[in-house]
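Enquirer: Got a predicted structure plus its sequence, pasted below:
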Amino acid sequence: MFGGAIGDAAGGARMSEALARDPRRGRRPASRNLTHELRETLGQAIVGERFEGPFPTEFELAKQHGLSRSVTREAVKMLTAKGLLSARRRVGTVIEPRERWNLLDPDVLRWLLQREFSLELLKHFTELRLAIEPTAARLAAINGSDAAIARIAEGLETMAAAENGVGSALDADIDFHIAILGAAGNPFYLQFEELIRTALSRSIAFTNRYGGTANLKEHGDVLRAIAAHDADAADRAMRLLIDNVLALIGRASAEGFGTE
């Protein structure tokens, strides 16, 4: 059940104090920072289903967190834009059901991923990748400049270095995929960067934990096809890479992984 208060009174007081003050300078930061802090706190609580009863009014939120009405109002507007909340006549602000949330919003996705591990959510995201990344790889093979392809190659090189203990394998893998979005030459694909970056951080962590390190050959196949400007091969190579992740998730689900 959703709840109207988050945690106990002492916890709320500590959170309010943290929101109200900048710990580095001992005074209140800009209202914009306070708004984003409150948005983060409330967003995590909504997605984490930590509310009980009706959602608090702006007055109640302002009092609970020691913030102004304008700050709380702006934070509620932000969460409304993400589909988490809505204002209803004679009812007030209410929490929307999950099917109304904007799951493509990077904040909403991050809050979902911060909840307990879910293979189902990971599967859904990976299926979404199939609708984005193979075509991005195809476009990268068609439109990718030498510089853009060099960035993809750099990602693969850092992935290989990470296997030998140099650098972060997670960051390198993410950089590889983000570089392909950039090489596609279509500005709409760049809009997926934060979405892909946020969700890949959990997806790659799972595949590395369950199936070992990333398959460098599969990533290399994607790069080689793009560098050869072979659009069909680039599409197939990326699709195979993601299909293998889906197969890994299916095996993990059948074995009860993450349910212990």
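Expert: Looks like it arrived, so ask away. Everything numeric in this text was worked out from a predicted model, so none of it was measured.
Enquirer: quick one, helices of the protein?
Expert: Remark: helices assigned in the chain by DSSP state H are 9-20, 31-47, 58-65, 69-81, 106-114, 119-143, 146-163, 169-183, 187-190, 193-211, 216-227, 231-254.
Enquirer: And the residue of the chain most remote from its centre, how close does it get to Ser70?
Expert: Distance from the centre of the chain peaks at Arg90, with 34.6 Å (Cα atoms, centre = their mean). Remark: distance between Arg90 and Ser70 (Cβ to Cβ, to the nearest Å) = 24 Å. Backbone N, C-alpha and C define where each C-beta goes, glycine included.
Enquirer: Could you do Ala162 as well?
Expert: Distance from Ala162 to Ser70, by Cβ to Cβ: 46 Å.
Enquirer: ok, these two, which is more surrounded?
Expert: Counted by other Cβ atoms under 10 Å, Ala162 and Ser70 do not tie: Ala162 has more neighbours, with 19 against 13.
Enquirer: how about the nearest residue to that one, chain neighbours excluded?
Expert: Leaving aside its sequence neighbours, Ala162 sits nearest to Ala169 (Cβ to Cβ, 6 or more residues apart in numbering; 3.7 Å).
Enquirer: Let me know how buried that neighbour is, in neighbour terms.
Expert: Here the number of neighbours of Ala169 (other Cβ under 10 Å) works out to 20.
Enquirer: residues touching the residue nearest to Leu61 when sequence neighbours are not counted, list them.
Expert: Spatially, and ignoring its direct neighbours in sequence, Leu61 is nearest to Thr72 (4.3 Å; Cβ to Cβ, 6+ apart). By Cβ atoms under 8 Å, 6 or more residues apart in numbering, Thr72 lies in contact with Leu38, Glu58, Leu61, Ala62, His65.
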